[in-house]
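> Let's see this in three dimensions:
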Amino acid sequence: MSESQGSEGTTQRLPVIEKEAGPATLDQSASAAAYDPPPPVDDKGRGRRRFWSARRIPAAITALVLLFVAGMFLYDIVSVRAGRSAMRWRRELAQQLAERPLDDIWVLVGAGVAAVLGLWLLVLAATPGLRSVLPMRRTHPDVRAGLHRDLAALVLRDRAMEVSGVQSVRVRVRRSRADVRAMSHFRELDDVRADLDATLADAIRGLGLARPPSLSVHVRRPGRKG
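Reported below is the predicted structural model:
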């Protein structure tokens, strides 16, 4: 019976692919090790521009002042049209503007204040603001990211504290420069500064900023007590 079954059909074993023996690896670790960040988006320099501020407080103050002044004038004009007398403050204002010469000190002061306020509003409208937010490199055309200067300074400070010989660090990050002032209690100052230059340069590259700031490092000994 076994011979008849073997003649009716044959069963073939599928080839088995055996994995080569080797050290056990984790896919996640291998993938993370081989991961390359996406290249920056070529947006013709638009990604390097600062973020624009909403200017909510100046806009709200200007709107409230204009609303109040316009409302007072409108109310007074409607009162005059209704047969009532004009308000006292508007009569005095009209009298002062008619009698005072243009070279009067109060007229010049008022004109100067109005010019300064107008120039301030023009500057706010023409400048982006948000100087404390550093634009980062764009890796996606629809996403813009920014890093606060205080957070960037905190990252650089933590990296600087990892250098051997550093006792304390003060970091101040500006738009174009990062000032680092470290205090070393042992090792040669030149060696500590060289290590700080290498470590902080790598840390600045890791921040992913569109315009990496230049690095300025100063190392000194702590002052003697007493």
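
> hey, let's count contacts and neighbours off CA atoms from now on
OK.

> how much space is there between D158 and V113?
Noted for D158: a distance of 47 Å to V113, by C-alpha to C-alpha, to the nearest Å.

> So what would you say the end-to-end distance of stretch 155-169 is?
Between the start and the finish of stretch 155-169 there is a gap of 12 Å, counting by C-alpha to C-alpha.

> Which parts of that stretch count as buried, going by neighbours?
Under the neighbour-count criterion of 16 or more other C-alpha atoms under 10 Å, stretch 155-169 has 155-157, 160, 163, 165-167, 169 buried.

> what does stretch 190-206 give?
Buried residues in stretch 190-206, counted by 16+ other C-alpha under 10 Å: 192-193, 195-197, 199-201, 203-204.

> what's the following helix or strand after the top helix by length along the chain?
Taking DSSP state H as the criterion, the chain has its longest helix at helix 56-81. On the C-terminal side of helix 56-81, the nearest following helix or strand under DSSP states H and E is helix 88-99.

> Can you list the helices and strands that that following helix packs against?
Using 3 or more C-alpha pairs under 8 Å, 6 or more residues apart in numbering; DSSP states H and E as the contact criterion, no secondary-structure element is in contact with helix 88-99.

> what angle sits between it and helix 56-81?
Interaxial angle, helix 88-99 versus helix 56-81 (axes from the mean of the first three to the mean of the last three C-alpha atoms, to 10 degrees): 90 degrees.

> now helix 88-99: mean pLDDT?
Confidence over helix 88-99, taken as the mean pLDDT, stands at 84.

> Now the element after that helix, going C-ward?
Next along the chain after helix 88-99, with elements defined by DSSP H and E, is helix 105-126.

> From the chain's centroid, how far away is that following helix?
Going by C-alpha atoms, centre = their mean, to the nearest Å, the spacing between the C-alpha centre of helix 105-126 and its chain's C-alpha centre is 30 Å.

> Also stretch 203-211?
The gap between the average C-alpha position of stretch 203-211 and the chain average comes to 12 Å, counting by C-alpha atoms, centre = their mean.

> quick one: terminal-to-terminal distance for it?
Taking C-alpha to C-alpha as the criterion, the two ends of stretch 203-211 lie 14 Å apart.

> which residues touch that stretch?
47-48, 134-138, 147, 152, 155-156, 159, 176, 212-213 (C-alpha atoms under 8 Å, 6 or more residues apart in numbering).

> Please type out the ChimeraX selection for whichever of the residues you listed turn out to be buried.
Here is the ChimeraX command that selects only those of those that count as buried (16+ other C-alpha under 10 Å):
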select :47,48,134,135,136,137,138,152,155,156,212,213
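
> Among the contacts of stretch 203-211, which lie within strands?
Under the assignment DSSP state E, the contacts of stretch 203-211 contribute 134-135, 147 to strands.

> Just put those residues in TSV and tack on distance to E188.
Formatted as TSV, the ones in strands among the contacts of stretch 203-211 follow (distance: C-alpha to C-alpha, whole Å):
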residue	distance to E188
L134	34
P135	36
L147	34
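
> Who does the spatially most central residue of the chain form a beta bridge with?
Centre of the chain computed as the mean C-alpha position; nearest residue by C-alpha atoms, centre = their mean is V133, 1.6 Å away. On the basis of DSSP bridges, V133 takes part in beta bridges with H148.
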